[in-house]
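*Asks:* show me the folded form of this:
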Amino acid sequence: MPELPEVETVRRELEPLVVGQSIARADVRWERTCAGLDSQGLTAQLAGVHLRAVQRRAKYLLFRGERAGAPCDFSVHLRMTGRLTVREASAACDPYLRVRLTFDSGLALHFDDVRKFGRLRLGTPAEVTLPALGPEPLDLSWSGRAWWERVRTRSRPLKALLLDQSLVAGVGNIYADEALFRAGLSPWKKGSELSLQASEDLVAAVREVLHAALAEDGASFDRFYRTPTGNPGRFQANFQVYGRTGAPCHRCATAIVRAVIGQRSTHHCPSCQQG
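*Replies:* This is a model prediction of the structure:
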């Protein structure tokens, strides 16, 4: 599933392509993507909407628009295999097209999704059905002390806490593993066992790995994630632990171990991550 760096990369590439565009019509190929709306229903909701911003909250893309002076927004969650591209309206459609928004300029926004888990939802950010989300990890208000205050009474492992979107929003499996390695912390260490200094180290590590991934347009470890311009991410070449089961640690040469924490695959170095 695309995580914060991938979704933010999509946002940065999409924004100059769609801001200023006006939606002429919608073509829905899989109604569940749009909460049961068909082409006629989605067109009725979005025709005439002028897009003025593309924002991100956690792993959600928020398209801010207006029609006749009133706000008219929608969100997109890419889930496992969703992909957004802007093409000529006359261009051939991908066989996995689920929704297409055609602009009056002759361009179109395509939402392709192999596994059909992605979702487009209508409404302003306050109305869109979003879960209760925690702070953004790149926001400086998310500090080591703030994280420590939230987790120091919790008995769950750090890996599970990092994936809890109500505690910090946008971190997923890849970047939780990579951040814990950078901070030298065991993924099994409980929140209640975390010192303030270790909390500050972990918050710094999360920010470092997210910024590093953003500089590489995110990570493409399978064929699904591509930027809106069709390019894969490059950060997978910098993975220290994620997906490297049995390979030697780049620091100490100990074999990377894969385990399961909270039903999620977890990769770590048992030598470097004892603390």
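
*Asks:* where do the helices sit along the stretch 101-250 of the chain?
*Replies:* Under the criterion DSSP state H, counting those that start in this stretch, helices of the stretch 101-250 of the chain are mapped to 144-151, 158-163, 173-183, 196-215.

*Asks:* looking at those helices, which is buried most?
*Replies:* helix 173-183 (a mean of 25; mean count of other Cβ atoms under 10 Å). Bear in mind the C-beta positions are built from the backbone N, C-alpha and C, glycine included.

*Asks:* helices or strands up against that helix?
*Replies:* The contact analysis (3 or more Cβ pairs under 8 Å, 6 or more residues apart in numbering; DSSP states H and E) places helix 173-183 against helix 158-163, helix 196-215, strand 264-268.

*Asks:* which segments of this structure make up each domain?
*Replies:* The chain breaks down by automatic domain parsing into domains covering 4-122, 144-268.

*Asks:* quick check: end-to-end length of the first one?
*Replies:* Okay, so that is domain 4-122. Start and end residues of domain 4-122 are separated by 21 Å (Cα to Cα, to the nearest Å).

*Asks:* so how far is it off the chain centroid?
*Replies:* 16 Å (Cα atoms, centre = their mean, to the nearest Å).

*Asks:* mean confidence score for that domain?
*Replies:* For domain 4-122, mean pLDDT is 96.

*Asks:* what about stretch 235-252, how long is it end to end?
*Replies:* 21 Å.

*Asks:* hmm, who's touching it?
*Replies:* 5, 173-174, 177-178, 181-182, 212-213, 216-221, 254-258, 267-269, 271-272 (Cβ atoms under 8 Å, 6 or more residues apart in numbering).

*Asks:* how about that stretch: buried residues?
*Replies:* Residues of stretch 235-252 classed as buried: 235-236, 239-244, 249 (neighbour count, 16 or more other Cβ atoms under 10 Å).
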